[in-house]
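In: sequence unavailable; structure follows:
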């Protein structure tokens, strides 16, 4: 009897379990169907939104093409920014009577920065010869021979011709020389659109034709964005990449200009414009570059940016026209009003492959340091339009250079207090680099990014100030400002409220900043050049 009862109970348990398993299976199947339905619904929604966006973009493109087909206006008032320093720089820099490499004061507020997260890996690229061009298509500068350099040993790489095997399909994959670094870009043959002429209707027709290939231009822009991110370029890099592609694809300068214009405007969302030279008859690409800062390299025109007459400066950056000639272009477009200005700020460290040069400089009176730099960086930076000083003060040096600096400075921390370390950095920049004005070295004014101080044989006041400011803010928590006099640039450092610093200083934002002049040889913290003593400079705020 007990066996029968036990057997019956077990059977009921099994049947119940089977029933529960069956219900569970039904639940799983129902959940799976609901999930699949949700996924299908999401995919359908994405497809619908994509379709709607494409239809909207096509409508916008058609409207803008019709707008460009109307008769263009003549714009006569071109201009160029004047340099902020009107007086000539010092040809010979003074030397202070007393050398004070190490400062005797202290501060409870100034500290070494803690070791930051690991630096990014160096981008792997194949090195190529930097091509020097000699044409009038755009501003081209040539790097000078470096002083005191030695070649850096880098892993052997294939030359450009041998590396052509990387191209799977020569009709769509292009190997390009980008400032001495090989890049591989997929370029759909459909985008080889050419213009039948240069008048309003021809430009409008070109715009309509290339706008048919939204998928292809979108895919190309995605590749460019990846390269800009990988190389640590600023937004100017988009233009440089497009210009390099256009030179490979099109033999005619006007087709190059049109291609760059369309990509920057439609895919990049930048304020880009087409104009036709009154005298030359050729097309010119105009870009609105961050109007909050001056850009000294190119001439510009002002165009309306809204219905109220607010104007934006557009710079003539590329084309076959003359540098100074009136142009024909279209008037105000609401579409252009919604687009953005291109910035020149570097938000990442420039990283275009391994450094290929070294510069040995004196760090202290009994210690030298060998710092690597990158010739491709030098070529790219030389092509970036010259602009306001804060951008130079906030820009970095290569990953390999930072590693060498971190290694050396970590070994020195025990020898210096943080304030003494800043004094050592000041003396390093004062004495480690030879001085010459830009006019003597190049024949024109040129601001250096910190890496360029390593790559050129000479530097002057604003270049040294940029390097010193970056070093101080990179390796300590001290704040730095620039001091811009007529004909000279220096820096000032805030050492905190309790720092007993003797010397010249300025109040800024409620804090006392003491003069640190990287050009005044052997000058200690608080010492101003005699010719600028008692003069109130313009404060240059360093953007971070």
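Out: Looks like it came in fine. Keep in mind that this is a model prediction, so the values were computed, not measured. Numbers count the residues shown, from 1 in each chain.
In: pLDDT weak spots in the stretch 51-200 of the chain?
Out: Along the stretch 51-200 of the chain, the model assigns pLDDT under 70 to residues 98-104, 115-117, 132-171.
In: change it to 50
Out: Within the stretch 51-200 of the chain, the segments meeting pLDDT under 50 span 100-102, 134-170.
In: again, but for the chain
Out: Under the criterion of pLDDT under 50, the regions of the chain flagged as low confidence span 4, 9, 14-15, 100-102, 134-170.
In: what kind of secondary structure is the residue most central in space within it in?
Out: Centre of the chain computed as the mean C-alpha position; nearest residue by C-alpha atoms, centre = their mean is residue 234, 1.8 Å away. Secondary structure, DSSP: H, G, I helix; E, B strand; the rest coil: residue 234 is coil.
In: contact partners for it?
Out: 343-347, 384 (C-beta atoms under 8 Å, 6 or more residues apart in numbering). Heads up, the C-betas are built off the backbone N, CA and C, glycines and all.
In: kindly recompute the last result at 6 Å.
Out: By C-beta atoms under 6 Å, 6 or more residues apart in numbering, residue 234 lies in contact with 344, 346.
In: quick one: it from residue 474, how far?
Out: 19 Å (C-beta to C-beta, to the nearest Å).
In: so which residues of the stretch 351-500 of the chain form helices?
Out: Using DSSP state H, counting those that start in this stretch, the helices assigned to the stretch 351-500 of the chain run over residues 375-383, 389-393, 399-412, 418-432, 438-441, 450-455, 461-475.
In: for residue 359, find the nearest of those helices.
Out: Comparison of the helices of the stretch 351-500 of the chain against residue 359 by C-beta to C-beta identifies helix 450-455 as nearest, at 4.6 Å.
In: off-centre distance for the closest one?
Out: 16 Å (C-alpha atoms, centre = their mean, to the nearest Å).
In: please name every helix or strand in contact with it.
Out: When contacts are defined as 3 or more C-beta pairs under 6 Å, 6 or more residues apart in numbering; DSSP states H and E, helix 450-455 packs onto strand 367-373, helix 375-383, helix 461-475.
In: so for residue 210, which of the ones you listed sits nearest?
Out: Between residue 210 and the helices and strands packed on helix 450-455, the shortest gap by C-beta to C-beta is with helix 375-383, which sits at 25.5 Å.
In: from what I can see residue 398 touches residue 371, true?
Out: No: with contact defined as C-beta atoms under 6 Å, residue 398 does not reach residue 371; the gap is 9.1 Å.
In: mind listing what's buried along stretch 306-317?
Out: Neighbour-count burial for stretch 306-317 flags 312-317 (criterion: 16 or more other C-beta atoms under 10 Å).
In: could you chop the protein up by domain?
Out: Per the record's domain assignment (automatic domain parsing), the chain is made up of the domains 131-337, 359-540.
In: winner for burial among those domains?
Out: When you average the neighbours per residue for each of these (mean count of other C-beta atoms under 10 Å), domain 359-540 leads with a mean of 20.
In: if we can go back for a sec, dump the buried residues of stretch 306-317 to a markdown table, plus distance to residue 531.
Out: Formatted as a markdown table, these follow (distance: C-beta to C-beta, whole Å):
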| residue | distance to residue 531 |
| --- | --- |
| 312 | 39 |
| 313 | 35 |
| 314 | 39 |
| 315 | 35 |
| 316 | 38 |
| 317 | 38 |
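In: which member of those is positioned nearest residue 109?
Out: Nearest to residue 109 among the buried residues of stretch 306-317: residue 313, at 41.3 Å, using C-beta to C-beta.
In: give me the secondary structure label for that closest one.
Out: strand.
In: and for the one 3 residues further on?
Out: In the three-state summary, residue 316 is assigned as strand, counting by three-state DSSP.
In: which residues does it contact?
Out: Applying C-beta under 6 Å, 6+ apart, the residues contacting residue 316 are 284, 286, 298-299.
In: let's see that with 8 Å instead.
Out: The contact partners of residue 316, by C-beta under 8 Å, 6+ apart, come to 78, 275, 284-286, 298-301, 323.
In: residue 469 too?
Out: The contact partners of residue 469, taken as C-beta under 8 Å, 6+ apart, are 393, 480, 482, 491, 542.
In: can you check residue 219 too?
Out: 186, 188.
In: so where does it fall, helix or strand?
Out: When secondary structure is defined by DSSP states H and E, residue 219 falls within helix 214-231.
In: report the angle between that helix and helix 375-383.
Out: With axes from the mean of the first three to the mean of the last three C-alpha atoms, to 10 degrees as the basis, helix 214-231 and helix 375-383 are set at 110 degrees to each other.
In: could you point out which element follows helix 214-231?
Out: From helix 214-231 onward toward the C-terminus, using DSSP H and E, the following helix or strand is helix 236-249.
In: and that next one, how far out from the chain middle?
Out: 15 Å.
In: what does stretch 331-349 give?
Out: For stretch 331-349 - counting by C-alpha atoms, centre = their mean - the centre lies 14 Å from the chain centre.
In: ditto for stretch 118-128
Out: Between the mean C-alpha point of stretch 118-128 and the mean C-alpha point of its chain there is a distance of 17 Å (C-alpha atoms, centre = their mean).
In: pull up the distance across it, start to finish.
Out: For stretch 118-128, the separation between the terminal residues is 29 Å (C-alpha to C-alpha, to the nearest Å).
In: re the thing from before, ok now the helix holding residue 219, how far from the chain's centre?
Out: In terms of C-alpha atoms, centre = their mean, the centre of helix 214-231 is found 16 Å from the chain centre.
In: ok, stretch 475-488 next?
Out: Using C-alpha atoms, centre = their mean, the distance between the centre of stretch 475-488 and that of its chain works out at 22 Å.
In: what about it, how long is it end to end?
Out: In stretch 475-488, first residue to last residue: 26 Å (C-alpha to C-alpha).
In: same check, this time on stretch 286-295
Out: In stretch 286-295, first residue to last residue: 13 Å (C-alpha to C-alpha).
In: ditto for stretch 406-420
Out: Across stretch 406-420, the straight-line distance between its terminal residues is 17 Å, by C-alpha to C-alpha.
In: what do you get for stretch 177-193?
Out: 22 Å.
In: nearest to residue 196 among the contacts of residue 469?
Out: For the contacts of residue 469, the residue nearest residue 196 by C-beta to C-beta is residue 393; the value is 48.1 Å.
In: and the closest residue to residue 193 other than its chain neighbours, what does it touch?
Out: Taking C-beta to C-beta, 6 or more residues apart in numbering as the measure, residue 193 lies nearest to residue 210, with 4.5 Å between them; neighbours along the chain are not counted. With contact set as C-beta under 8 Å, 6+ apart, residue 210 has these partners: 191, 193, 217, 258-259, 262.
In: may I see the residues you listed organised as TSV, with distance to residue 293 and secondary structure added?
Out: Listed next are the contacts of residue 210 as TSV, based on distance: C-beta to C-beta, whole Å; DSSP: H, G, I helix; E, B strand; the rest coil:
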residue	distance to residue 293	secondary structure
191	33	helix
193	34	coil
217	29	helix
258	28	helix
259	27	helix
262	26	helix
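In: using CSV, lay out those together with distance to residue 122.
Out: Conversion of those to CSV gives the following (distance: C-beta to C-beta, whole Å):
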residue, distance to residue 122
191, 32
193, 37
217, 31
258, 36
259, 32
262, 34
